[in-house]
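Asks: only geometry, no sequence info:
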């Protein structure tokens, strides 16, 4: 069964797998947790492996499967499905449809689903510009506050639902809640909780005003609640989290609620550095046994990974330089 889109480790050394993963063969053996383990691709899944729209690149699938099989073997996960993301892919396909770069794979039921997801938008600071465009990601980092995606191994964890504001819905002002799926990371991604990195619907409430509703559990001391417009940014950029359409989010949350699973996000720091070196020397990444989405590589030129040790001091200095301003108060909505 193939699920269509409804609308959007650092444990394997790059030098050991780069050439093998990008060859024509779709069955290889990879090291996981220090021991070799066969990761033969099932026949039904091979049709979904490739670099075309809706497919998963070989290196992404192999690493995602190796991570999942390792965690299942260790008893860390029992979920029959696993997740992956290819952050080198564009936000929009050639035909203008949303780009599909997030994958839900359930091998037991032979189901493969490719959906859209956001990547980190970054920041443009005076000392460093690490902002990403809307179509392709060039910058990646694991620094807190960078608003960038960090590739590597993750495990899904608990969910948290929070109030985001009131919106106009079915002719009435109603509270809007958004559920956030937390991630636990390893290696370069081990600070996922510190960074508040997880998955959630690609929507937020842009506050416009406040109205009196003293009976609301979300009212402030004066009895007011925030009101705004629901903004949908499916498939675009995020603050570093994986973000999905609301319908896809419901499916993913129901899949992992109470049943953690693995998520592998490509590319990792070593991948980014290796592709950058190849580009700078005029070497084709594919000829060097490396992978990056071709269309996005042409768009961004040279990818860059900003390690935490380099970028965190810049972000901290920028935060300290911000002027102290009193919190702004929302105006009262017209008509109360």
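Replies: Yep, that arrived. Predicted, not measured: the structure shown is a model, and the values here were computed from it. Numbering: from 1, shown residues only.
Asks: Any buried residues in stretch 276-288, and which?
Replies: 276, 278, 279, 285, 288 (16 or more other C-beta atoms under 10 Å). (C-beta placed from N, C-alpha, C; glycine too.)
Asks: Could you check the pLDDT of the first one?
Replies: Turning to residue 276, the model gives it a pLDDT of 98.
Asks: Let me know the secondary structure of it.
Replies: helix (DSSP: H, G, I helix; E, B strand; the rest coil).
Asks: Hmm, residue 303 and it touching each other?
Replies: Yes - at 5.6 Å, residue 276 and residue 303 qualify as touching, with contact defined as C-beta atoms under 8 Å.
Asks: Quick check: longest helix in this structure by residues?
Replies: Once the chain is assigned using DSSP state H, the helix that runs over the most residues is helix 58-74.
Asks: For the chain, give me the ranges with low pLDDT.
Replies: Residues of the chain meeting the criterion pLDDT under 70: 1-39, 235, 336.
Asks: 80 instead, please
Replies: 1-39, 235-236, 335-336 (pLDDT under 80).
Asks: Spatially central residue in it, please.
Replies: Nearest residue to the geometric centre of the chain (C-alpha atoms, centre = their mean): residue 242, 2.8 Å.
Asks: Hmm, that residue is touching residue 84, no?
Replies: No - using C-beta under 8 Å, residue 242 makes no contact with residue 84, being 10.4 Å away.
Asks: Quick check: neighbours shared by the two?
Replies: 102, 263, 265 (C-beta atoms under 8 Å, 6 or more residues apart in numbering).
Asks: Please name the bridge partners of the second one.
Replies: By that I understand residue 263. Beta-bridge partners recorded for residue 263 (DSSP bridges): residue 83, residue 154.
Asks: OK, contacts around it?
Replies: 82, 83, 84, 85, 153, 154, 155, 156, 183, 199, 242.
Asks: Burial check on the fifth one, number of neighbours?
Replies: Applying other C-beta atoms under 10 Å, we find 28 other residues in the vicinity of residue 153.
Asks: try residue 162
Replies: Residues near residue 162, counting by other C-beta under 10 Å: 9.
Asks: Which of the three states applies to it?
Replies: strand.
Asks: My guess is it contacts residue 196. True?
Replies: No - assessed by C-beta under 8 Å, residue 162 is found out of contact with residue 196, at 11.6 Å.
Asks: what ranges do the strands span in the stretch 101-250 of the chain?
Replies: Ranges of strands within the stretch 101-250 of the chain are 102-106, 111-115, 119-120, 139-141, 152-169, 172-185, 198-201, 203-212, 224-232, 237-238, 242-244, based on DSSP state E, counting those that start in this stretch.
Asks: Relative to the last one, what are the paired strands and their orientations?
Replies: The strands that strand 242-244 pairs with in its sheet are strand 198-201 (parallel) (by DSSP bridges).
Asks: Counting neighbours, which bits of the partner strand end up buried?
Replies: Quick answer for strand 198-201 (16+ other C-beta under 10 Å): 198, 199, 200, 201.
Asks: got JSON lines for those, with distance to residue 44 too?
Replies: Listed next are the buried residues of strand 198-201 as JSON lines, based on distance: C-beta to C-beta, whole Å:
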{"residue": "198", "distance to residue 44": "30"}
{"residue": "199", "distance to residue 44": "26"}
{"residue": "200", "distance to residue 44": "31"}
{"residue": "201", "distance to residue 44": "30"}
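Asks: hang on, the earlier thing: okay, the strands of the stretch 101-250 of the chain in CSV with distance to residue 329 next?
Replies: Putting the strands of the stretch 101-250 of the chain into CSV (distance: least, C-beta to C-beta, whole Å) gives the following:
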stretch, distance to residue 329
strand 102-106, 39
strand 111-115, 39
strand 119-120, 31
strand 139-141, 34
strand 152-169, 15
strand 172-185, 19
strand 198-201, 27
strand 203-212, 8
strand 224-232, 9
strand 237-238, 28
strand 242-244, 29
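Asks: All set, thanks.
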